[in-house]
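Undergrad: can you look at this prediction? I've put the sequence above it.
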Amino acid sequence: MSGSPSARDTVVRVMIVDDELELTELLSAAVTEAGWHVVAALSMRPGAAAPDAWFAARLAELDGGLARAPASVRGAMTVALVGIGSRSDALAAAALEAANRVGPVEVETPDGQRRVLDAAPAISRARAQARSRADRFGMHRDRA
């Protein structure tokens with residue numbers, strides 16, 4: 001097989017097996033949360049090796065799973081959604097649609113507190129800031 005791998009080929013699946021269902025669920029949530037933190041970090045790096053198509057595929061996962069995810073995972077997923085929407089105008093449009101479908105979500109912070117996050121206004125602010133920086137520094141590319 002030649003060429004670069006497709007977005008689907010770059011996703012890693014981890015199987016967690018244990019006799020204790022509670023432990024399995026806890027480990028699964030921790031691994032899933034960590035994975036979304038990686039997606040969020042990559043999305044915020046303009047030079048990230050992953051193409052926009054890879055992030056678009058992650059948007060589809062977010063759109064379908066964010067509302068159903070455990071509260072401890074939803075925070076990382078919401079940050080990833082904002083990060084993806086911050087990358088480019090094209091991704092922002094798709095991320096805003098997903099954020100509006102999902103709406104505000106209740107998340108659990110690392111210290112166990114619950115709060116509500118709404119990705120849509122954060123995406124809009126991030127793109128406005130990127131456009132402002134582009135205008136200020138004469139950078140008129142989509143990934144400003």
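TA: Everything's here; your move.

Undergrad: residue contacts, the residue sitting furthest away from the middle of the chain?
TA: Counting by Cα atoms, centre = their mean, the extreme residue of the chain relative to its mean C-alpha position is Asp19, 31.1 Å from that point. Residues near Asp19 by Cβ atoms under 8 Å, 6 or more residues apart in numbering: none. Heads up, the C-betas are built off the backbone N, CA and C, glycines and all.

Undergrad: show me what the helix or strand hosting Ala99 is packed against.
TA: When elements are assigned from DSSP states H and E, Ala99 belongs to helix 89-102. Applying 3 or more Cβ pairs under 8 Å, 6 or more residues apart in numbering; DSSP states H and E, one finds that helix 89-102 makes contact with helix 52-65, helix 71-87, helix 119-137.

Undergrad: tell me what angle the second one forms with helix 119-137.
TA: Computed with axes from the mean of the first three to the mean of the last three Cα atoms, to 10 degrees, the direction of helix 71-87 lies at 30 degrees from that of helix 119-137.

Undergrad: roughly how far is helix 71-87 from the heart of the chain?
TA: Put simply, helix 71-87 sits 4 Å off its chain's centre (Cα atoms, centre = their mean, to the nearest Å).

Undergrad: same check on the longest one?
TA: A distance of 17 Å separates the C-alpha centroid of helix 119-137 from that of its chain, computed with Cα atoms, centre = their mean.

Undergrad: low-confidence stretches in this protein?
TA: 1-13, 48, 139-144 (pLDDT under 70).

Undergrad: report the central residue of it.
TA: Ala80 (2.0 Å).

Undergrad: any figure for the gap between the spatially closest residue to Ile123 that is not a sequence neighbour and Ala120?
TA: Closest residue in space to Ile123, ignoring its immediate chain neighbours: Gly85 at 3.5 Å, by Cβ to Cβ, 6 or more residues apart in numbering. Distance of Gly85 to Ala120, given as Cβ to Cβ, to the nearest Å: 9 Å.

Undergrad: can you check Arg114 too?
TA: Taking Cβ to Cβ, one finds Arg114 at 20 Å from Ala120.

Undergrad: chain center to the top helix by length along the chain: distance?
TA: Assignment by DSSP state H gives helix 21-43 as the longest helix of the chain. Remark: helix 21-43 is offset 12 Å from the chain centroid, using Cα atoms, centre = their mean.

Undergrad: good, we can wrap up now.
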